[in-house]
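Visitor: predicted structure and sequence below. I'll ask about it afterward.
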Amino acid sequence: MGETASSISQDNKKETPDQRLAHYLACLPESRGIKINRRNVLPYESPTEFVAAIAPFINEVF
């Protein structure tokens, strides 16, 4: 999740990236998450940061 990501909530709820990440993690019991220094961290927006962020997760699984 991007550190400066904005909410896409339709009810204009002011939710920080930390709050949103905590909510996601609470809903997915065996999940883990991190924030990356970008707004929206997508492979096509910032591929280097994206790969660096997910590599540890992939390396643990395989």
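Guide: Alright, I've got the coordinates.
Visitor: do you know how far the closest residue in space to residue 57 that isn't next to it in sequence is from residue 26?
Guide: Nearest residue to residue 57 in three dimensions, chain neighbours excluded: residue 32, at 7.2 Å (CB to CB, 6 or more residues apart in numbering). (C-beta placed from N, C-alpha, C; glycine too.) Remark: distance between residue 32 and residue 26 (CB to CB, to the nearest Å) = 12 Å.
Visitor: residue 56 too?
Guide: Remark: distance between residue 56 and residue 26 (CB to CB) = 22 Å.
Visitor: residue 46 now?
Guide: 27 Å.
Visitor: of those two, give the one with the bigger neighbour count.
Guide: Per other CB atoms under 10 Å, whichever of residue 46 and residue 26 has more neighbours is residue 46, with 18 against 9.
Visitor: what ranges does the protein have for its helices?
Guide: Secondary structure of the chain (DSSP state H): helices at 17-27, 47-61.
Visitor: take the ones you listed and write them to TSV, including mean pLDDT and distance to residue 37.
Guide: Below are the helices of the chain laid out as TSV (pLDDT from 0 to 100; distance: least, CB to CB, whole Å):
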stretch	mean pLDDT	distance to residue 37
helix 17-27	89	11
helix 47-61	83	7
